[in-house]
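Participant: Here's a sequence, model it:
(one chain, ligands or ions: 1)
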Amino acid sequence: MKILTIVGARPQFIKAAVVSRNLEKYLGIKEYILHTGQNYDNNMSSIFFEEMDIPKPHFHLNIHGGGHGVMTGKMLEGIEQKIQELNPAAVLVYGDTNSTLAGALAAKKLHKKVVHVEAGLRSFNMRMPEEINRIITDRISDVLFCPTTTAINNLKQEGFDNFHSEIVLSGDVMQDAVLFYQDKASQISHIVDNLQLQPNGFILTTIHRAENTDNVARLTAIINGLNTVHRTILPVILPLHPRTRQIIEKNGIDIHFTIIDPVGYFDMLQLIMNATLICTDSGGLQKEAYFCNKYCVTLRDETEWIELVEGGYNRLAGSESERIIEAVTDYIKTPFPPKVELYGGGLAGEIICHHLSQLIDSEVYAV
Ligand code: UDP
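Facilitator: Predicted coordinates:
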């Protein structure tokens with residue numbers, strides 16, 4: 001029985017690594033991986049396959065750049081062709097990128113079962129391309145694996161009880177990834193020493209979301225806030241997304257803290273585990289901060305991971321310099337609160353694969 005997994009962007013490699021590793025235990029299932037090419041630099045793509053032992057993609061479409069329409073359209077065409085060639089029983093998509101949307105759309109129109117991992121998340125901000133991708137992907141998915149009860153409630157609010165889809169609370173595959181790789185990362189990565197950082201003595205930041213990078217005023221305010229944090233509170237380090245770098249350089253925005261190229265997953269885990277706290281607009285990093293007992297200052301006006309905000313682990317600071325500085329100042333003098341199990345405890349990969357194997361054994365999924 002064949003399953004086609006669609007990946008293309010950095011967070012999808014990390015999520016797919018977890019499911020792929022668990023799928024191998026189910027002997028009747030053969031996974032094929034299609035890489036759209038959405039992220040393509042070595043340090044945004046192949047390093048994740050190498051470090052996390054993800055099987056080499058069977059198909060590589062090499063599609064990147066262009067506007068959303070061009071990129072998604074080309075992916076749709078390429079994925080459709082591969083689905084026709086392979087004739088899989090189901091197509092697995094992850095998260096909320098253009099690769100997710102193109103994979104789900106192509107599969108659904110060819111009457112394939114669509115399985116969405118990380119379903120049900122909502123920011124309620126329809127200006128985010130990710131929000132549009134999520135809503136459409138969820139609506140046409142046959143099986144929706146949700147990381148949290150918040151995600152399940154979002155789907156119920158949208159009337160999913162009336163649709164012919166199956167909703168499963170799986171927990172979050174990114175927690176599985178942290179638990180599985182953190183010891184290996186500690187052994188292999190020397191990034192903290194190499195960058196001469198003090199354990200628990202620096203702030204890790206990432207910025208890549210369009211709402212921040214495509215608005216020079218917002219981006220400048222965030223960088224100015226982080227410049228002040230660096231000067232007056234603790235050193236700041238930023239592995240810089242290539243798109244953000246381009247915009248910073250084009251607009252001559254002054255950065256007074258350390259910037260480095262994007263790093264692989266092991267280096268990133270080491271940076272997270274050794275940081276004092278995290279400032280980010282990344283979805284994945286907000287949870288990784290929590291998994292590693294670090295506060296997160298979120299550089300956005302809303303988040304899909306509201307349980308972190310409600311639990312006091314995460315604060316929305318938006319893009320205003322003052323709010324960022326205030327949140328960092330408060331957090332560094334406050335002990336990290338006791339934790340509850342918000343994301344399933346590391347069993348998501350197993351739950352997803354077990355469920356898939358049962359579906360695939362059933363008549364409905366027979367090709
Ligand atoms: N990440 C990484 N190297 C970096 C920056 C991020 O390995 O230089 C990891 C990060 O730890 C998380 C994932 O990439 O696991 C998040 O990806 P990203 O922020 O690009 O996407 P989002 O989670 O916002 O969809």
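Participant: Run through the residues of the stretch 201-350 of the chain sitting next to the ligand.
Facilitator: Proximity of the stretch 201-350 of the chain to the ligand, by Cβ under 6 Å from any ligand atom, involves residues 206, 208, 239, 262-265, 268, 282-285, 288. C-beta here means a position set from N, CA and C on the backbone, and glycine is covered the same way.
Participant: Give the buried residues for stretch 224-243.
Facilitator: Using 16 or more other Cβ atoms under 10 Å as the burial criterion, the residues of stretch 224-243 that qualify are 224-230, 234-241.
Participant: Let's see that stretch as CSV, backbone CA atoms only.
Facilitator: Only the C-alpha atoms of stretch 224-243 are listed here, as CSV (Å, rounded to 0.1, in the frame of the first residue of the first chain):
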residue,chain,number,x,y,z
ASN,A,224,15.1,48.1,17.2
GLY,A,225,13.5,46.4,20.2
LEU,A,226,16.0,43.5,19.9
ASN,A,227,18.9,46.0,19.5
THR,A,228,17.9,47.5,22.9
VAL,A,229,17.5,44.1,24.5
HIS,A,230,21.0,43.2,23.2
ARG,A,231,22.5,46.4,24.5
THR,A,232,20.8,46.5,27.9
ILE,A,233,19.7,43.0,28.9
LEU,A,234,21.4,40.0,27.3
PRO,A,235,23.2,39.1,24.0
VAL,A,236,20.8,38.4,21.2
ILE,A,237,21.4,35.8,18.4
LEU,A,238,19.4,35.5,15.2
PRO,A,239,19.7,32.7,12.7
LEU,A,240,18.4,34.7,9.8
HIS,A,241,15.9,33.4,7.3
PRO,A,242,17.1,34.1,3.7
ARG,A,243,14.0,36.1,2.9
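Participant: So what touches that stretch?
Facilitator: With contact meaning Cβ atoms under 8 Å, 6 or more residues apart in numbering, stretch 224-243 is reached by 41, 44, 195, 197, 201-208, 213, 248, 254-263, 268, 271, 276, 279, 317, 320-325, 328-329, 332.
Participant: Break down the stretch 1-150 of the chain into its strands, ranges please.
Facilitator: Under the criterion DSSP state E, counting those that start in this stretch, the stretch 1-150 of the chain carries strands at the ranges 2-7, 30-35, 59-60, 90-94, 113-117, 143-146.
Participant: Identify whichever of those strands lies nearest to the ligand.
Facilitator: The closest of the strands of the stretch 1-150 of the chain to the ligand is strand 90-94. By Cβ to the nearest ligand atom, the value is 9.8 Å.
Participant: is the ligand contacted by the closest one?
Facilitator: No. Figure legend: strand 90-94 not in contact with the ligand (Cβ under 6 Å from any ligand atom); closest approach 9.8 Å.
Participant: same thing with stretch 142-157?
Facilitator: No. If you take Cβ under 6 Å from any ligand atom as the test, stretch 142-157 misses the ligand, and the best it gets is 12.1 Å.
Participant: Any buried residues in that stretch, and which?
Facilitator: Buried, per 16+ other Cβ under 10 Å, within stretch 142-157: D142, V143, L144, F145, C146, P147, T148, T150, A151, I152, N154, L155.
Participant: Can you lay out these as JSON lines showing distance to G69?
Facilitator: Shown next, in JSON lines, are those (distance: Cβ to Cβ, whole Å):
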{"residue": "D142", "distance to G69": "26"}
{"residue": "V143", "distance to G69": "28"}
{"residue": "L144", "distance to G69": "26"}
{"residue": "F145", "distance to G69": "28"}
{"residue": "C146", "distance to G69": "29"}
{"residue": "P147", "distance to G69": "29"}
{"residue": "T148", "distance to G69": "31"}
{"residue": "T150", "distance to G69": "31"}
{"residue": "A151", "distance to G69": "28"}
{"residue": "I152", "distance to G69": "32"}
{"residue": "N154", "distance to G69": "27"}
{"residue": "L155", "distance to G69": "27"}
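Participant: what's in contact with stretch 202-210?
Facilitator: By Cβ under 8 Å, 6+ apart, stretch 202-210 touches 128-129, 213, 219, 222, 226, 229-230, 233-241, 243-244, 271-272, 274-282, 285, 299-300, 328.
Participant: if we can go back for a sec, can you tell me which of the residues of the stretch 201-350 of the chain next to the ligand has the most neighbours?
Facilitator: E288 (25 neighbours; other Cβ atoms under 10 Å).
Participant: Could you pull up the contacting residues of that one?
Facilitator: E288 neighbours (Cβ under 8 Å, 6+ apart): M174, V178, M268, L269, I272, I278.
Participant: how far away is N293 from Y313?
Facilitator: In this view, N293 and Y313 are 9 Å apart by Cβ to Cβ, to the nearest Å.
Participant: which one of the two has more residues nearby?
Facilitator: Shown here are N293 and Y313; by other Cβ under 10 Å, Y313 has more neighbours (22 against 12).
Participant: C296 is in contact with that one, correct?
Facilitator: Yes. The pair Y313 / C296 is scored as a contact, 6.7 Å apart, by Cβ atoms under 8 Å.
Participant: Next, the residue lying closest to F124 once chain neighbours are set aside: secondary structure please.
Facilitator: Leaving aside its sequence neighbours, F124 sits nearest to E302 (Cβ to Cβ, 6 or more residues apart in numbering; 6.6 Å). The local conformation at E302, judged by DSSP: H, G, I helix; E, B strand; the rest coil, is coil.
Participant: Kindly state the pLDDT recorded for E302?
Facilitator: We have a pLDDT of 98 for E302.
Participant: quick one: L121 from F160, how far?
Facilitator: Going from L121 to F160 by Cβ to Cβ gives 13 Å.
Participant: brain fart, L240
Facilitator: 38 Å.
Participant: Check E130 too.
Facilitator: Separation of E130 from F160 (Cβ to Cβ) stands at 19 Å.
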